[in-house]
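Enquirer: Dropping a prediction and its sequence here:
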Amino acid sequence: MRLAFAVSCVLPCVLLAQDKAPVPLWNGTDFAGWHGQRHESPYKLEAMAKDARAKLQAEDDATMRAHWRVDGNDLVNDGEGAYLTTDEAFGDAEFWLEYKTVALADSGIYLRGSPQVQIWDTTEAGGKWKHGADKGSGGLWNNEVGPRFPPVVADKPFGEWNSMRIRMVGELVWVWLNDKLTVDGARMENYWDRKRALPATGPLQLQTHGGEIRFRNLKVQRLDAAAANAILAATSNDGWKSLFDGTSFTGWQGDRDNYEVADGAIRCKAGKGGNLFTEGRYGDFTVRLQFRLPPGGNNGLAIRYPGNGDPAYTGVEVQVLDDTHPKYKDLKPYQAHGSVYGVVPSQRGYLRPVGEWNFEEVTVRGTRYMVVLNGTRIVDADIATLPSDLKDHPGKNRTEGHFGFCGHGDAVEFRAIAIKPL
């Protein structure tokens with residue numbers, strides 16, 4: 001980055017690598033750890049004045065308590081009132097729950113405060129086939145671009161308990177309804193602002209309206225970085241070519257003396273820098289890798305680099321940066337992590353904590369760039385249609401070149417580097 005001021009695995013096995021077992025989301029006796037929240041934008045709630053927000057919360061808690069009750073081992077809602085909402089916010093996680101509902105009921109599970117994994121009356125008598133109810137519960141009904149409906153109807157008859165398992169990594173969602181896969185790693189769109197990615201964290205909400213629904217056996221398992229990265233790596237296994245053997249610079253050229261191989265990763269030497277790039281050249285491709293940042297770490301991905309000059313200008317540089325560090329408080333938008341330097345700002349807030357491994361994919365098709373960080377799409381733009389903030393950017397229009405790293409003196413590490421020509 002240039003600053004102006006100066007393990008592949010099938011998905012079900014991934015969780016076994018974690019030390020922490022699933023924990024109950026509900027204590028089985030009362031509403032401790034939960035509150036009421038109406039269908040409302042989290043951005044609007046965040047922007048509200050403190051007094052107004054407290055008043056709204058009191059109203060929601062009152063309607064929640066009026067319409068929710070505990071009945072033995074069940075949480076029961078009569079079809080009205082505010083949604084039961086966790087006090088905790090969750091990022092990458094897996095949830096389990098069981099539910100039982102009645103005819104005409106309509107419900108769902110809000111993830112990170114956004115609708116929703118659909119639950120509804122799937123019979124013709126329910127009157128919602130025109131909305132897709134005949135296709136079954138368990139889909140991402142509020143998606144407009146991506147998949148909305150399940151490939152199978154997995155609902156059990158009224159009066160029987162349904163089991164639901166939901167996995168979420170970044171904005172990617174998997175759902176199993178009664179052990180049938182109803183959502184397969186689909187991107188969940190942000191209902192509240194479709195130009196923005198889903199928030200990195202948010203509450204789980206039990207949405208209800210139209211009829212009684214019961215929930216029980218609610219559990220959660222947070223996914224650590226290793227488990228989340230393994231899931232992301234398993235989403236696509238075909239067509240990838242490894243760019244790094246884990247032990248040497250075979251296949252790489254450039255400023256090799258300024259980088260080192262350590263613990264299966266390529267690391268820029270502290271206090272050094274320069275460009276390390278592949279011997280091969282690529283046009284349209286997806287590159288996938290993991291990276292780890294030290295505090296304030298600064299590097300970049302060289303895209304279609306001609307092999308000479310500064311990749312941010314002669315090619316294209318996608319930022320790799322700890323943009324949470326105080327020394328970068330005055331970053332220009334196009335300098336944040338994941339940005340196409342000088343051209344496209346990224347959406348911020350999706351880096352893992354400093355010291356953890358991040359998972360990133362960059363796809364280049366013609367002049368269209370997509371950057372997906374830890375399962376969340378933070379850039380998706382055609383740079384041919386956008387002006388550059390750089391005075392001279394000949395690399396913006398390049399159609400092929402080398403892939404590599406742009407070191408700027410920090411010990412940034414890269415591993416599991418693979419490319420898929422398109």
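Expert: Structure received.
Enquirer: so what's N298 closest to, chain neighbours aside?
Expert: Residue nearest to N298 in three dimensions, not counting chain neighbours: H408, with 4.4 Å by Cβ to Cβ, 6 or more residues apart in numbering. (C-beta placed from N, C-alpha, C; glycine too.)
Enquirer: For that neighbour, give the beta-bridge partners.
Expert: G273 (DSSP bridges).
Enquirer: for E360, same thing?
Expert: According to DSSP bridges, the partner residues bridging E360 are L289, L373.
Enquirer: Could you tell me which residues make contact with it?
Expert: Under the criterion of Cβ atoms under 8 Å, 6 or more residues apart in numbering, the neighbours of E360 are 288-291, 338, 371-374.
Enquirer: ok, R216 - how many residues close by?
Expert: R216 sits with 17 neighbouring residues when counted by other Cβ atoms under 10 Å.
Enquirer: In contact with it, which residues?
Expert: Applying Cβ under 8 Å, 6+ apart, we find R216 in contact with 73-75, 97-99, 161.
Enquirer: and if we set it to 7 Å?
Expert: When contacts are counted by Cβ atoms under 7 Å, 6 or more residues apart in numbering, R216 is found next to 73-75, 98.
Enquirer: now the helices: where do they sit in the stretch 301-422 of the chain?
Expert: All helices of the stretch 301-422 of the chain, identified by DSSP state H, counting those that start in this stretch, fall at 311-314.
Enquirer: Dump the contacts of R216 into a markdown table; add neighbour count, pLDDT and distance to T247 as well.
Expert: Conversion of the contacts of R216 to a markdown table gives the following (neighbours: other Cβ atoms under 10 Å; pLDDT from 0 to 100; distance: Cβ to Cβ, whole Å):
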| residue | neighbour count | pLDDT | distance to T247 |
| --- | --- | --- | --- |
| N73 | 11 | 95 | 54 |
| D74 | 18 | 97 | 56 |
| L75 | 22 | 98 | 53 |
| E98 | 16 | 98 | 48 |
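Enquirer: picking up where we left off before, check the residue nearest to N298 and give its pLDDT.
Expert: H408 is assigned a predicted lDDT (pLDDT) of 95.
Enquirer: pLDDT (mean, whole number) over the helix or strand F291 falls within?
Expert: Using DSSP states H and E, F291 sits within strand 285-292. Computed over strand 285-292, the mean pLDDT rounds to 98.
Enquirer: And for stretch 226-243?
Expert: 94.
Enquirer: cool, and stretch 325-340?
Expert: Taken as a whole, stretch 325-340 has an average pLDDT of 95.
Enquirer: so how far is the first residue of it from its last?
Expert: The first and last residues of stretch 325-340 sit 19 Å apart, counting by Cα to Cα, to the nearest Å.
Enquirer: Quick check: buried residues in it?
Expert: For stretch 325-340, the neighbour count (16 or more other Cβ atoms under 10 Å) marks 325, 328, 331, 334-340 as buried.
Enquirer: Over to stretch 267-283?
Expert: When neighbours are counted by 16+ other Cβ under 10 Å, the buried residues of stretch 267-283 are found to be 267-269, 272-278, 282.
Enquirer: mind listing which of these are in strands?
Expert: With DSSP state E as the criterion, strands contain 267-268, 273-278 from among the buried residues of stretch 267-283.
Enquirer: Present those residues as JSON lines; the columns should include distance to W192.
Expert: Rendered in JSON lines, the data for these read as follows (distance: Cβ to Cβ, whole Å):
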{"residue": "R267", "distance to W192": "40"}
{"residue": "C268", "distance to W192": "39"}
{"residue": "G273", "distance to W192": "41"}
{"residue": "G274", "distance to W192": "43"}
{"residue": "N275", "distance to W192": "41"}
{"residue": "L276", "distance to W192": "41"}
{"residue": "F277", "distance to W192": "41"}
{"residue": "T278", "distance to W192": "41"}
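Enquirer: Look up which residues are beta-bridged to R69.
Expert: If you apply DSSP bridges, the partners that R69 bridges to are V76.
Enquirer: With L218 as the reference, measure out to it.
Expert: Going from R69 to L218 by Cβ to Cβ, to the nearest Å gives 16 Å.
Enquirer: Could I have the CA atoms of the longest helix along the chain written out in PDB?
Expert: As far as residue count goes, and with DSSP state H defining each element, the longest helix of the chain is helix 50-67. As requested, the backbone C-alpha atoms of helix 50-67 are provided in PDB (Å, rounded to 0.1, in the frame of the first residue of the first chain):
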ATOM      1  CA  LYS A  50     -30.000   7.400  23.700                       C
ATOM      2  CA  ASP A  51     -33.400   8.400  25.300                       C
ATOM      3  CA  ALA A  52     -35.400   7.500  22.200                       C
ATOM      4  CA  ARG A  53     -33.600   4.200  21.900                       C
ATOM      5  CA  ALA A  54     -34.300   3.400  25.600                       C
ATOM      6  CA  LYS A  55     -38.000   4.200  25.100                       C
ATOM      7  CA  LEU A  56     -38.200   2.000  22.000                       C
ATOM      8  CA  GLN A  57     -36.500  -0.800  23.900                       C
ATOM      9  CA  ALA A  58     -38.900  -0.600  26.800                       C
ATOM     10  CA  GLU A  59     -41.800  -0.900  24.400                       C
ATOM     11  CA  ASP A  60     -40.300  -3.900  22.600                       C
ATOM     12  CA  ASP A  61     -39.600  -5.600  25.900                       C
ATOM     13  CA  ALA A  62     -43.100  -5.100  27.000                       C
ATOM     14  CA  THR A  63     -44.700  -6.600  23.900                       C
ATOM     15  CA  MET A  64     -42.100  -9.400  24.000                       C
ATOM     16  CA  ARG A  65     -43.200 -10.400  27.500                       C
ATOM     17  CA  ALA A  66     -46.900 -10.000  26.600                       C
ATOM     18  CA  HIS A  67     -46.600 -12.500  23.700                       C
END
